[in-house]
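K.L.:
Here is a sequence with its predicted model. Questions after.
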Amino acid sequence: MNRALRAQIRAAFSYPEPTRKRAFLRKLRPPGVGMIEMVLTQAAYIRGRVWVAAGAALIPALLGAFRLPGNAARLMGALLPFSAGIAVLETRRSRDYSMAELERATRFSLRSVVFARMLAIGAVDLGVILLSAAALSARSGLPVPRTTAEISAPFLAAAWAGLYIERTPLGRRHGHLSMAASALISALALGGEDVGLSLSALPSGAWMAASGALAVLTAREVCITLSRTEEWA
Amino acid sequence: MILRADRLSKQYGNGIAVDRVSFELREGVTGLLGANGAGKTTLMRMLTGVLMPTSGAVDADGIPASSEAYRALLGYLPQDFGYYPEFTVRDFVMYFAALKGLDRRTARRRTEELLERVGLSGAAGRRMKTLSGGMRQRAGIAQALVNDPRILILDEPTAGLDPGERVRFRKLIREIGGRSIVLFSTHIVSDVEHIADHVMMMKAGRLIWRGKWDASNGSLEEFYMKAFGEDAGHETVCDAAGL
């Protein structure tokens, strides 16, 4: 049908008045929302200070990977646990501010909200780890998997310890305990060599096995945290 | 749409907060009356899917309360609620619009519309923590309505509202009741008399009376006082109202 004919028809006949249009529209199921959209929505509502704090840990770590002479893995290992600690703290935000009741009654449930927040911060952390690992490998000549394992192990250890602490009654009452665990892991990563923990001398296989195990433990803690989020709220 | 509660019970240890409550609600406003501790909040939390019943079930046209599809139909205002300290009133409502799956454009339009309806458009940019209790309650009402819910559950919605705000709220709820199932709890009898088409009364976890209240039944306030007097049992209550 050509445009002129369409215009003539439109001019000749008026549109019928909508009847029960609103009732019909309300009966339609709302469109689905994908996980990426959910993560982006939640990312927009993560407090500015959380991003600032995460940036304070991640930006020096990233700059260190590109700028510092020699192997900067120690510095990165010391900074990334704080970013993990910040992600862990986000899991308790609804509870801390008594928003859990309202969030649980929404379409996506509190579990999805917490998961989306962890994913938003975790995705940024992962991006920094991978970028830094590539930069560090190029500078140090070490293989990328080893460098990735070396800088992600302290991050994963802090995430695992923080989530574990958060699910204990004491940890649920005191949010700063998980951050204290991050500080301890950071101190170990930075000063471990000075107290006889020669971590950098470990073979690549040991690093990869350790970070693999920590990744499994962290994933397990994430699942436990999500499954109990509504119970703890 | 029919909201159905089937032998709903909630037990905490040896105590029963809600005891085998069954009812069906259709579009319209239902007031849930009961003294403190009668089990109103527990019942409402089970109806929203926030609290799992010990036994029994809730569904809306066969959609179980534990499903996403059910929560998509729902608007809920709990008795107490918090807010993130950095939120403005607009952020607060927009946040729940996002959690209820509204696209950004619709969310913005609905938020502005509702803030106007609850008299908060002038305070849309103010932080939640700077609001009075009544204003906060109105923001809570706006978030409950943002997805144009087909089931609206309000726990003590008039608490903290001044007389002017209460009149405005009654008008709003009556209008929503024309197209949605609205259940609100209160212990203020006049709110029920002014807004509700139907009344349900709870005592000690049990539904002791439900039905349509009209003037021929006498004063709801008197009926309520008898129902919640120390010695008033189920039979006494029904006899008193000639039911």
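P.N.:
Sure thing, it's come through. Numbers count the residues shown, from 1 in each chain, chains lettered A, B, ... in the order given.
K.L.:
Centroid-nearest residue for the chain?
P.N.:
In the absence of a named chain, chain A is used. What sits nearest the mean C-alpha location of chain A, by C-alpha atoms, centre = their mean, is residue A:122, with 2.1 Å.
K.L.:
that answer is for a different chain, and I need it for chain B
P.N.:
Note: chain B centre (C-alpha atoms, centre = their mean) maps to residue B:154, 2.0 Å.
K.L.:
secondary structure element for the residue of chain B found nearest chain A?
P.N.:
For chain B, the residue closest to chain A is residue B:82, as judged by C-beta to the nearest C-beta, at 2.9 Å. Heads up, the C-betas are built off the backbone N, CA and C, glycines and all. Assigned by DSSP states H and E, residue B:82 falls within no helix or strand.
K.L.:
Any regions of chain A where pLDDT drops low?
P.N.:
By pLDDT under 70, the low-scoring segments of chain A are A:1, A:22-23, A:25-31, A:67-72, A:193, A:195-199, A:232-233.
K.L.:
Against residue B:93, how distant is the closest residue to chain B within it?
P.N.:
Residue nearest to chain B within chain A (C-beta to the nearest C-beta): residue A:98, separated by 2.9 Å. Note on residue A:98: its distance to residue B:93, by C-beta to C-beta, to the nearest Å, is 17 Å.
K.L.:
Those two: who's more crowded?
P.N.:
A count of neighbours by other C-beta atoms under 10 Å in any protein chain shown puts residue B:93 above the other of residue A:98 and residue B:93, at 29 against 14.
K.L.:
pLDDT score for that one?
P.N.:
Per-residue pLDDT puts residue B:93 at 96.
K.L.:
which residues sit in contact with it?
P.N.:
Counting by C-beta atoms under 8 Å, 6 or more residues apart in numbering or on different chains, residue B:93 makes contact with B:111, B:114, B:115, B:139, B:142, B:143, B:146.
K.L.:
for the third one, helix, strand, or coil?
P.N.:
Right, residue B:115. helix (DSSP: H, G, I helix; E, B strand; the rest coil).
K.L.:
Based on its surroundings, how many neighbours for residue 53?
P.N.:
Since you didn't name a chain, this refers to chain A. 16.
K.L.:
Correction: the question concerned chain B.
P.N.:
The burial count for residue B:53: 23, using other C-beta under 10 Å.
K.L.:
for chain A, what are the nearby residues on chain B?
P.N.:
Contacts of chain B with chain A, taken as C-beta under 8 Å from any C-beta of the partner chain, map to B:48-50, B:68-69, B:71-72, B:74, B:76, B:78, B:80-86, B:91, B:95-96, B:98-102, B:143, B:147-148, B:150, B:179.
K.L.:
rerun at 6 Å
P.N.:
Residues of chain B found near chain A (C-beta under 6 Å from any C-beta of the partner chain) are B:48, B:50, B:68, B:71-72, B:76, B:78, B:81-82, B:84, B:86, B:95, B:98-101.
K.L.:
Assumed residue B:58 was part of a strand.
P.N.:
Yes: counting by three-state DSSP, residue B:58 is located in a strand.
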